[in-house]
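K.L.:
Make a model of this:
(chains A, B, C and D)
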2 protein chains.
Amino acid sequence: MANARSTIYEVASRSGVSTATVSRAMHGGVGMSPTTRDRVLAVATELGWVPDGRARGLATRRAGIVGVLFHDLDGSGEAEEESPLYVDEVIRGAERAATSVGDAVLIAATRGRTGRELAFSVAAKVDGLVVLARSLAKRDVLALARSIPIVTIGTRARSNEFDDVSVDNRGAMRTIVDHLVVDHGYTDLVFVGGPSRSPDSMERFAGYRESLRSHGLAAATSPDAEGGFTEIGGSRALTELLLNRKPPQAIVCGNDEMAIGAVGVLRRARLRVPSDVAVTGFDDIASSRHIRPALTTVHQPMRDVGEQAVRMLLDRVGQPESRRRAVVLPTTTKVRHSCGCGVRTPSGRPVGKPRSSARSAKSEEVVS
Amino acid sequence: MANARSTIYEVASRSGVSTATVSRAMHGGVGMSPTTRDRVLAVATELGWVPDGRARGLATRRAGIVGVLFHDLDGSGEAEEESPLYVDEVIRGAERAATSVGDAVLIAATRGRTGRELAFSVAAKVDGLVVLARSLAKRDVLALARSIPIVTIGTRARSNEFDDVSVDNRGAMRTIVDHLVVDHGYTDLVFVGGPSRSPDSMERFAGYRESLRSHGLAAATSPDAEGGFTEIGGSRALTELLLNRKPPQAIVCGNDEMAIGAVGVLRRARLRVPSDVAVTGFDDIASSRHIRPALTTVHQPMRDVGEQAVRMLLDRVGQPESRRRAVVLPTTTKVRHSCGCGVRTPSGRPVGKPRSSARSAKSEEVVS
DNA sequence: CTTAAGTACGTAAGCGCTTACGTGAGGATG
DNA sequence: CATCCTCACGTAAGCGCTTACGTACTTAAG
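P.N.:
Numbering: from 1, shown residues only, chains lettered A, B, ... in the order given. The predicted model follows:
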């Protein structure tokens, strides 16, 4: 099937020029006669020859490949990691950005490999690496950074050693809670958090608190319940919550999975969503649109995140010594029905109207 | 940040050996004294050195990278292509299989590029290519196959020139319709297909027909409606259908999106699912579990498909001349509620019980 | 003690490109 | 007509590894 590939020498001799000329022809043919260029190109096409990427990479010291490192969650099934959907979206964005400049993207799951193993099987093959937060211990990231440029995703709040692109978790949560308090007038809210040590969960909770306090409402110093970012965890958390207190007016969940779990429990408890109690999520997973009532949540631009990340990475590959950059991208609030919008309140007055409201968070900020 | 990488020469001189010895040490250190090996390895670690992938690739004629080529649907938004979820799952599987042998995977969306462009920016960088069906015109695939091994995914029914791994669409649909006819006793069914020229849609319809005919039921020669594999298309298709005939007992949809659309219009038409009319899907997308009633559908093992594909690819890289292989993987039927299971029939008798039934389709078959 | 067979490592020839530099031809300039 | 450019292309030195082959030294056998 795959016959022996021809080399640049073959193309050169068949078109009666030197390899240098062939190479030039393949790269725009600047400074050469169009006639020769076309002749060479014709031969190359006929032979089905394109320059070997490895050799090219060796000679140019540029592989034309950027890597994306993520934590794979299949198997171990730890919900603390990035949602698979996130990873996929980031990869898509990365692919797009890379392709637009002729590069390709290499993906690799950490799979518990150490920095050195990854250096061998991944880093050695690429020009730079995008590493998803939490996919790797910090010292491994540092080890990798010894050999190639790195930009992290979602570590803004925890580190400032690398270029980073993050999403405005806190601001997003503030916006959604503002909506609950201001537009719906809820005063009795609770927060269902993810794993207590999850930075995402912490940031989201911080946003929740900020919003409440800014409106003069009391807020607990820690989440009212913990649902581990899973649907089942959300169910359990809410079940327990309902045992200990009367139903709140609104349940703010750290992500959609838990919100879906919460809605399930509420339904079984004969509490109506959103008229008896409102629920909000975070992430805008596909199911959040299909669940009834449709979930009010926040959409994170993970594809843009991936795109930005490789852009920054490529910038740094070209300019290794430029100053560190960190950007945080804004989110979009998806106001649907579970918050009470588009549904009659007890007073019979329809409140609000489902819509999407975009929030422009801090844009690009140069951190150091 | 990223300081100049050291080379094998540096490691060699610092540990007082030749580059050959360093290389040997890095590759298991067979035939050398453990003492020397450890010394070399220590120096390498200290320097943070790992052999450069490009150079290694050049010397060994093996990049240690397999590529996955898919059609990216963002932007153009043609629903005829692979569902994004499919692609992601396939990629995950590919990543797993590649990693398990120390390789990495390069991903690239076609983006309307020609075979030659892809050869340059993708094929030249990898040892072999997995190409998702329909991501590329056949003659482009052939062009690529001139230079590297290729295995296709999902082209079994349309081509037999490459190694291929596919999913048993037809058998899966037969199983689900069998369930509808045999277990539920429906005799009046309709089929909502995807794009009429979509091979997947055609295969699924074929399975539908086969099942009906095998039970002595009449079946139309073409789908009763066409929903383009989208939710909105499913709604439209069903709306139209309902205008022209009385509601059937069961609506068999070519995929989940259309099924979800169908359930929506059924609900609006005050028809109860599944007691008035049953609905089934195909694909087992995340929302199919969350929709009410939960959708009976079929799960495709796309991750396994990806895994198998790179396994076969790697085999062929090692054995370019072995005979062509094609495998078709079995699906799993997810029997949930939308088919009528776990719900009371008009006669008051509960029918069946939701469960998952695995179906073992044809396994590995050597085609030529 | 001689010789054969290992063992542990060094030598050096590539792998297939890119590119700095060199060269010769032709045109412009004076 | 001599000189200087410019243009189009060739020469050849790497890029950083791997590995076939060679060599020196040990050990075992005869």
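K.L.:
how near is the nearest residue to A:Met32 once chain neighbours are set aside to A:Gly102?
P.N.:
Using C-beta to C-beta, 6 or more residues apart in numbering or on different chains and skipping residues adjacent in sequence, the residue nearest A:Met32 is A:Arg24, 5.5 Å away. C-beta: built from backbone N, CA, C; applies to glycine. A:Arg24 sits at a distance of 17 Å from A:Gly102 (criterion: C-beta to C-beta, to the nearest Å).
K.L.:
More neighbours: the two, which one.
P.N.:
A:Arg24 (18 against 10; other C-beta atoms under 10 Å in any protein chain shown).
K.L.:
quick one: that one from A:Ser13, how far?
P.N.:
Separation of A:Arg24 from A:Ser13 (C-beta to C-beta) stands at 16 Å.
K.L.:
Report the contact partners of the closest residue to A:Tyr186 other than its chain neighbours.
P.N.:
Excluding the flanking residues, the one nearest A:Tyr186 by C-beta to C-beta, 6+ apart is A:Gln249, at 4.1 Å. Counting by C-beta atoms under 8 Å, 6 or more residues apart in numbering or on different chains, A:Gln249 touches A:186-189, A:277-278.
K.L.:
A:Gly193 against A:Thr221, yeah?
P.N.:
No: judged on C-beta atoms under 8 Å, A:Gly193 makes no contact with A:Thr221 at a distance of 12.0 Å.
K.L.:
Looking at these two, which has the bigger crowd around it?
P.N.:
Counting neighbours by other C-beta under 10 Å for A:Gly193 and for A:Thr221 shows that A:Gly193 has the greater number, 26 against 6.
K.L.:
Would you mind measuring from the residue nearest to the more buried one when sequence neighbours are not counted to A:Val192?
P.N.:
Nearest residue to A:Gly193, sequence neighbours excluded (C-beta to C-beta, 6+ apart): A:Pro223, at 3.2 Å. A:Pro223 is 7 Å from A:Val192, where distance means C-beta to C-beta.
K.L.:
When the two are compared, which one has more neighbours?
P.N.:
A:Val192 (29 against 23).
K.L.:
For A:Lys334, which residues are in contact?
P.N.:
A:284, A:288, A:295-299, A:356.
K.L.:
oh, I was asking about A:Asp304
P.N.:
Residues in contact with A:Asp304 (C-beta under 8 Å, 6+ apart) are A:93, A:329.
K.L.:
do A:Ala63 as well
P.N.:
A:Ala63 neighbours (C-beta under 8 Å, 6+ apart): A:53, A:57, A:125-127, B:53-54, B:125.
K.L.:
how about the helices of chain A, start to end?
P.N.:
With helices called from DSSP state H, chain A shows them at A:8-14, A:19-26, A:34-47, A:53-60, A:84-100, A:115-121, A:138-145, A:169-178, A:199-214, A:231-244, A:256-268, A:287-290, A:302-318.
K.L.:
Any part of the fifth one near chain B?
P.N.:
Yes: on the criterion C-beta under 8 Å from any C-beta of the partner chain, helix A:84-100 is in touch with chain B at A:84, A:88, A:91-92, A:95-96, A:99.
K.L.:
just checking, what packs against that helix?
P.N.:
On a contact count with 3 or more C-beta pairs under 8 Å, 6 or more residues apart in numbering or on different chains; DSSP states H and E, helix A:84-100 meets strand A:65-70, strand A:104-109, strand A:128-132, helix A:302-318, helix B:84-100, strand B:104-109.
K.L.:
What residues does the residue nearest to the spatial centre of chain A make contact with?
P.N.:
Against the mean C-alpha coordinate of chain A, by C-alpha atoms, centre = their mean, the closest residue is A:Met302 at 3.6 Å. Residues in contact with A:Met302 (C-beta under 8 Å, 6+ apart) are A:85-86, A:89-90, A:93, A:167.
K.L.:
Return the members of the contacts of A:Lys334 classed as buried.
P.N.:
A:284, A:288, A:295-299 (16 or more other C-beta atoms under 10 Å in any protein chain shown).
K.L.:
need the residues of chain A near DNA strand D, please.
P.N.:
A:16-21, A:31-33, A:35-37, A:55, A:58-59, A:61 (C-beta under 7 Å from any atom of the strand).
K.L.:
check whether stretch A:285-296 contacts chain B.
P.N.:
Yes: with C-beta under 8 Å from any C-beta as the criterion, chain B is reached by stretch A:285-296 at A:285-287, A:289-292.
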